[in-house]
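Enquirer: model the following, please.
(5 chains)
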Amino acid sequence: MLKLVKTSSRKAGLSPGSPIFIGEKVTEKFGLDMVDYDAENLVISTPIRLDEFHLLKDTPSNTWIKVHGLHDAEAVNRFCLGFGLHPLTIEDILHTGQRPKIDHYDDYLFLVINLINYDDKAKEMSMEQVSFVLGPRYLLSFHEKDSDIFNDVLVRLENNKGRTRKMGVDYLLYCLLDRVVDNFFSVLEKIGEEVEELEVELIADPAPETLQSIHSLKREMILLRKSVWPLREVINGLQREETVFMGDSVQVYLKDLYDHTIQVLDTVETFRDIISGMIDIYLSSVSNRMNEVMKVLTIFAVIFIPLTFIAGLYGMNFNTSQSPFNMPELNWYFGYPFALLLMAATAIAMLIYFKKKKWF
Amino acid sequence: MLKLVKTSSRKAGLSPGSPIFIGEKVTEKFGLDMVDYDAENLVISTPIRLDEFHLLKDTPSNTWIKVHGLHDAEAVNRFCLGFGLHPLTIEDILHTGQRPKIDHYDDYLFLVINLINYDDKAKEMSMEQVSFVLGPRYLLSFHEKDSDIFNDVLVRLENNKGRTRKMGVDYLLYCLLDRVVDNFFSVLEKIGEEVEELEVELIADPAPETLQSIHSLKREMILLRKSVWPLREVINGLQREETVFMGDSVQVYLKDLYDHTIQVLDTVETFRDIISGMIDIYLSSVSNRMNEVMKVLTIFAVIFIPLTFIAGLYGMNFNTSQSPFNMPELNWYFGYPFALLLMAATAIAMLIYFKKKKWF
Amino acid sequence: MLKLVKTSSRKAGLSPGSPIFIGEKVTEKFGLDMVDYDAENLVISTPIRLDEFHLLKDTPSNTWIKVHGLHDAEAVNRFCLGFGLHPLTIEDILHTGQRPKIDHYDDYLFLVINLINYDDKAKEMSMEQVSFVLGPRYLLSFHEKDSDIFNDVLVRLENNKGRTRKMGVDYLLYCLLDRVVDNFFSVLEKIGEEVEELEVELIADPAPETLQSIHSLKREMILLRKSVWPLREVINGLQREETVFMGDSVQVYLKDLYDHTIQVLDTVETFRDIISGMIDIYLSSVSNRMNEVMKVLTIFAVIFIPLTFIAGLYGMNFNTSQSPFNMPELNWYFGYPFALLLMAATAIAMLIYFKKKKWF
Amino acid sequence: MLKLVKTSSRKAGLSPGSPIFIGEKVTEKFGLDMVDYDAENLVISTPIRLDEFHLLKDTPSNTWIKVHGLHDAEAVNRFCLGFGLHPLTIEDILHTGQRPKIDHYDDYLFLVINLINYDDKAKEMSMEQVSFVLGPRYLLSFHEKDSDIFNDVLVRLENNKGRTRKMGVDYLLYCLLDRVVDNFFSVLEKIGEEVEELEVELIADPAPETLQSIHSLKREMILLRKSVWPLREVINGLQREETVFMGDSVQVYLKDLYDHTIQVLDTVETFRDIISGMIDIYLSSVSNRMNEVMKVLTIFAVIFIPLTFIAGLYGMNFNTSQSPFNMPELNWYFGYPFALLLMAATAIAMLIYFKKKKWF
Amino acid sequence: MLKLVKTSSRKAGLSPGSPIFIGEKVTEKFGLDMVDYDAENLVISTPIRLDEFHLLKDTPSNTWIKVHGLHDAEAVNRFCLGFGLHPLTIEDILHTGQRPKIDHYDDYLFLVINLINYDDKAKEMSMEQVSFVLGPRYLLSFHEKDSDIFNDVLVRLENNKGRTRKMGVDYLLYCLLDRVVDNFFSVLEKIGEEVEELEVELIADPAPETLQSIHSLKREMILLRKSVWPLREVINGLQREETVFMGDSVQVYLKDLYDHTIQVLDTVETFRDIISGMIDIYLSSVSNRMNEVMKVLTIFAVIFIPLTFIAGLYGMNFNTSQSPFNMPELNWYFGYPFALLLMAATAIAMLIYFKKKKWF
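Expert: Here you go, the predicted structure:
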């Protein structure tokens, strides 16, 4: 299940801007992947010395550096300082669990977003913080762990099809963000399937586990929403601000990306509404079942209680020899058949009564 | 039932602007209908060669081309490129399941809306994406499948009554949108009837199926709302923007259209509120029924339990010959009538008690 | 009960601005009432020829024409065209069931509002659309059927007391709107009484009918709200817009009218909140009653079940002569009193147990 | 209980601005209290002739006139006309039950607010409309009945401590409004205590009366909120508007007053949230109780039903002499002890079963 | 439990700006801690005479004075007047329980915020008002009681690491506010753990106490929210206002602080949503349990009721010697085995019926 809050108490009391990593200690190693490209050339480099990376910053070609393994706070800090990042930026990169946001610095643009992954087997979402730093000719992306979500973009860069190579790092940033938003769609699609399965289950055979599934879906929606609302602001921020880092040619793509984000949000809200309705259905189906149980009990009890009473009546030991009033039925020739008939008549009357009440 | 999300995973990872069709594979053929008209003449043409269509774009007459059969992505792509549409526009046309939106390009205006159809027999809604491209003298409309919803407009064009022929393609676009909004009214009217039927059913004879109907109505309202809210923004966008494509003479009609859209929204919200209230009514009627069942059980049990006890009492086998204290009633002359009277008195007392409690 | 949607399917597919009447076919005749007045004179005219009415439009005196019987669409259309109304305006007048709105045309101001009537006997609301057209020296009001709600205003005009005669048609419009808003207060007052009656009923003796009353009240509130929210916008629109048709001297009255509308809205919202709370109370009272029923059943069952068991025990037929262990109690001298005491003790223990549990 | 709507039907149909009193007919007499003061002198005058009051309006000293007994509409009307108040103002003063509001006239500022009183014994709120008219050197306050809430302010004026005497009538108005807002705090404090008492009661011993208390608290919150929201707007209006009647030196106090109003609003909203939660707790405690009742019934029934069956079994009258298969147990030496043991074993098995189910 | 309202009735009726302490009477002594620093020097002084403190105000070094023990209203008042604070400021400092706010005075900036503490043992939050006065070279902080929350900041000042010493009192204020916001995170983290524990408990073994925990969590969320929403406004106010007291160099830090506050708010809202969902789960688990209980009862009753009836039947005393129709079974050779078989068959039929109904 998704954690509600990241452990941040380790940080409380530290000087603002302290480069401390907040997040799960991943055992994975700190690593860097670098792609240097322009319309003609593309170099995917093997890791070079950490302190030389920032030299690439001023080359005329576009540079994308993907940093993963944030738990090595010191290495990340050293790397970031090389690029002249503000201490608060470095704190936000390391202190994962941030709310998606955009910060405008003089030298660069800083973005934090959440990436959602959906584990098909466990039917569980997991969330990862990805930070971007967009400078004039470079783009840095920071990942908690090495993931392959941006591989399609890399492949497009390598193949040199479409616009990607011809345009700048701002377009590259757009491509990565578009990938993130598309990923939301994939997750929502899977959740939509789960919702529809649960709807069928609700009608066919609701069990207490169904409610737990609904609850955990609802919880996921709440957390998803918490990630998407600010993402919308972030992309809106990219659009509106006349920042020098996002060129005019990218604006039309950002508008499209923004529309997609709104669509994600809409879908999340729709799911929330539908899931809320499912809880009502569940509760009412529980009530209906209890009603069912009660009816069976009542029908049985109400039919047999008078019969048992009649049987009890003729089981009394009044002395028939003492008085002609004492249970003369016991000595009747047709006493027993009479009693059986009385019982049958009572039972049939009850059944007619229930039939009229439409209980079965 | 309406699908919650369109399958979009096929798209994830593709380059932005890829012309891939996302939607149900309809077996219907790709087709084009063309209407070329001005105040004097009107030509409804038989399909011509795909790549010559765009030549019409620059004729002084108004041209409306209706494209259906979007699953043939390649044909659509070729057709669109002929009109100089932006790759993102083509992607949005093909990637059905878009949120209604309006995009302003230099050469044209792009609109996506949802068209709702209501199947009277199955009492189910279905949703279809319709895209419009409005250029200086041409209007393109893209449909997933060939539908006859715009036939009235075509008839008006042919009859040359009213304003339609005398005005430009902007007025034609207004007419089509007006038709779409009127269609929402028709759907809402039918849903309104369903709501009123359900309200009667709720009071007369609520069954678990009633709740399922309410739930599916609620779900439809949620999805309808998801289509109408952005439609409102789209029409508002047409109004506000001083776009060259929408002439001043059409503004008064757009204002009216906008009012109608608001009315649709209002009605959707009203239905949502009423449907929510119906769930409460249902749940309480289930409670009431259980109450009813419980009361019947309790009345029977409480009346017969003491009687059965008395019968059991006199069914005990204490030896009356051993002691005068051992059940002397059994040998009384009026023992049995006394026991019967005792039982009758008990039963009557119980009935009075329940009468006072107003249980029946 | 208030209809949720007006039948509008008759309209779908028609050209925008078609003069078709949408509403209940009232059998009442089409009719016109005209009042022509200035500070000195007042003429209430008998109906004149339909096509001469618009001549009054340009006289220096103020003219108020009240049109009722909208089902005669053709007559209304002819009348309206005489005044030069836009086809969309005529459509909105005839297509009753519009959302309240204000439209600014060059020659006149067009207002649509809803008038609420409350039938005291049936305790039901009904809704009627009233449209106003305010020109430079004339005011047209359109009613579905002839109603006497504006008679007070007419009386004030005749008596020539107060400001009404001295001021223009804009003040007259204000007076009519004020009357409509006052009418809302009357309706709310009656609904308020109903709410208070229901609150008493809820506590004293809630029945399933109570819930139905609550539900229909809630429904009325939803529909009332749907009429009042846009009314607020309409009156706000009159205030804000520097339209030439509303003089400066009327602004202070409009401000007051606006405040009253807000007060109506506030009251509607308050009623909604209170009615929602009542549903909770109802549901909980149903639960309480079931609890009550259950307790009675349980107390009876739990007291008598052990007693009946004891009676059954001594009703067993073990052969006492076969062995001293076989039910020697049956032959005891005080066997029967002992059994009765045992039963009494059991019953008393149960009663103490329930007393301690505070069940009665 | 607070009335939901004031009776206003008496007014419907009257000319706007008619001086009719709407409210409870209080038997109290109409009365006036006047305080005339400047930094040096203070005169509290005995009632003078009604039509001379307005002469004070133009004296250089500050004049505060407190009018109570609004049911004498004619006297109030005469008094107000002397001060040149607009008919709509007089209508608003007399038509109590207004929504708090602020009106800017050329000659004066008009404020309507609601004053809340809390009756400690009946634990009930009552609401009273207080209107203020602030002119250049005079302040009029109108009260439905004579109350002593503003006595502290009067005492401060008499003692001539602090700023009150040195500053103008605008500061005096602030002092009165501050007193009104402080009064809200007192009322909220008492309601807060009630809420906390109810929370304890809910956990310790919830009864149907508890729910009624919660409901009436909720209702009070709804009505309180209806008074405080517009009060906020009123005070905001005083702040923002560059009215000549509120001097610059008072602005800092108004800011403070505004903050307090927000705090009142916050508290009202908080109470609403908490009260909503209490209804859930109540409903669940009712469910828990029913559960409790059901468990007791079930445990008893399930334990004794098999025992009674066994007893019934050995109460059958099969003829043991007819066949060795006919209930040979009845003639066993240890038949009865065996039956008792069988019963005990059954009962113990049941108890173990319930223990395992954690039912007690 | 957190108090809903602070006792403020003591204040009602006092002149605005009266220096009266509203809050719990803490026994702790009034005290002052002073830190005077610039980039080179730092002096932590022992308490000096109360009326000399304000002399420090004009020294070129930065001065931070921490005042604790607000119940000594007179001393605080004297101290504040020395710094030239406005009476309303002093009132707000002393009248604890204020809503967080920011006031701009000519000479200083005044901030009120709430500090949340979480008692790990009692699992309870407590709230404390902290006020700040920021002047040109001095910062005053007022605390209800002496707390060590700002000690980290003091240590950073002493160690002279980082920026703290080099920058002005505006940066110091930022550091303190940052500490407060970090504290919210710590509290939320603990509450998050509690929420997750409760979620586990809900599924494993829900008890009435669980609901009470949920309710008190919900209540805490409501009160937390009431503190954080205005805090957001306060920090936003610091950012936006071009106040001379907050230097440009601090703006980037304030932006970061603002982001963190939003994140706190987001988390609070998320918790609220999740907690609401938990109540549904709880209620449904109660329903499920009752269902369980009902099923056990019904299964037992429905199986044994017919058996008991059969036993009762053969317990009747019809005289078999009187007629061959009177219970001949009693004299059959296999009478008893036949009766036993009949019972077994009935019981098995019932079990099969329940199995088919999937009741166990």
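Enquirer: please name the nearest non-neighbouring residue to the residue nearest the centre of chain A.
Expert: Residue closest to the mean C-alpha point of chain A, counted by Cα atoms, centre = their mean, is A:Glu220 at 2.9 Å. Distances taken as Cβ to Cβ, 6 or more residues apart in numbering or on different chains put A:Met125 closest to A:Glu220, at 5.4 Å, once the chain neighbours are dropped. All C-beta spots, glycine's among them, are computed from the backbone N, C-alpha and C.
Enquirer: A strand includes A:Phe132, no?
Expert: Yes: assigned with DSSP: H, G, I helix; E, B strand; the rest coil, A:Phe132 falls within a strand.
Enquirer: report the rounded mean pLDDT for the helix or strand A:Thr89 falls within.
Expert: If you go by DSSP states H and E, A:Thr89 is part of helix A:87-94. Regarding helix A:87-94, the rounded mean pLDDT is 90.
Enquirer: name the SS class of the residue of the stretch 201-350 of chain A found nearest chain D, please.
Expert: Here the stretch 201-350 of chain A gets closest to chain D at one residue, A:Gly315, 6.8 Å apart by Cβ to the nearest Cβ. Three-state call for A:Gly315 (three-state DSSP): coil.
Enquirer: hang on, the earlier thing: what secondary structure does the residue nearest to the centre of chain A sit in?
Expert: A:Glu220 ends up helix, using three-state DSSP.
Enquirer: returning to that earlier point: doesn't the residue nearest to A:Glu220 belong to a strand?
Expert: Yes: counting by three-state DSSP, A:Met125 is found in a strand.
Enquirer: right, and it touches A:Leu115 too?
Expert: No: A:Met125 lies out of contact with A:Leu115 (Cβ atoms under 8 Å); the separation is 10.7 Å.
Enquirer: circling back: so who does the residue of the stretch 201-350 of chain A closest to chain D touch?
Expert: B:311-312, B:315, C:315, D:315, E:312, E:315-317 (Cβ atoms under 8 Å, 6 or more residues apart in numbering or on different chains).
Enquirer: Throw those residues into JSON lines and include distance to D:Gly277 and pLDDT, thanks.
Expert: Shown next, in JSON lines, are the contacts of A:Gly315 (distance: Cβ to Cβ, whole Å; pLDDT from 0 to 100):
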{"residue": "B:Ala311", "distance to D:Gly277": "52", "pLDDT": "90"}
{"residue": "B:Gly312", "distance to D:Gly277": "50", "pLDDT": "90"}
{"residue": "B:Gly315", "distance to D:Gly277": "56", "pLDDT": "89"}
{"residue": "C:Gly315", "distance to D:Gly277": "55", "pLDDT": "89"}
{"residue": "D:Gly315", "distance to D:Gly277": "56", "pLDDT": "89"}
{"residue": "E:Gly312", "distance to D:Gly277": "52", "pLDDT": "90"}
{"residue": "E:Gly315", "distance to D:Gly277": "56", "pLDDT": "89"}
{"residue": "E:Met316", "distance to D:Gly277": "59", "pLDDT": "88"}
{"residue": "E:Asn317", "distance to D:Gly277": "62", "pLDDT": "87"}
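Enquirer: okay if I get these as TSV plus distance to C:Thr267?
Expert: Output for these, formatted as TSV (distance: Cβ to Cβ, whole Å):
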residue	distance to C:Thr267
B:Ala311	63
B:Gly312	64
B:Gly315	69
C:Gly315	70
D:Gly315	71
E:Gly312	65
E:Gly315	70
E:Met316	71
E:Asn317	74
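Enquirer: so which of the residues you listed is the closest to A:Val180?
Expert: E:Gly312 (74.7 Å; Cβ to Cβ).
Enquirer: in chain A, which spans are strands?
Expert: Assigned by DSSP state E, chain A shows strands spanning A:31-37, A:42-45, A:62-68, A:101-104, A:109-119, A:124-134, A:138-143.
Enquirer: and D:Asp120, which of those strands is closest to it?
Expert: strand A:101-104 (50.9 Å).
Enquirer: list the pairing partners of the closest one within its sheet, with orientation.
Expert: strand A:109-119 (antiparallel) (DSSP bridges).
Enquirer: angle of the strand it pairs with against strand A:138-143?
Expert: Interaxial angle of strand A:109-119 relative to strand A:138-143 (axes from the mean of the first three to the mean of the last three Cα atoms, to 10 degrees): 40 degrees.
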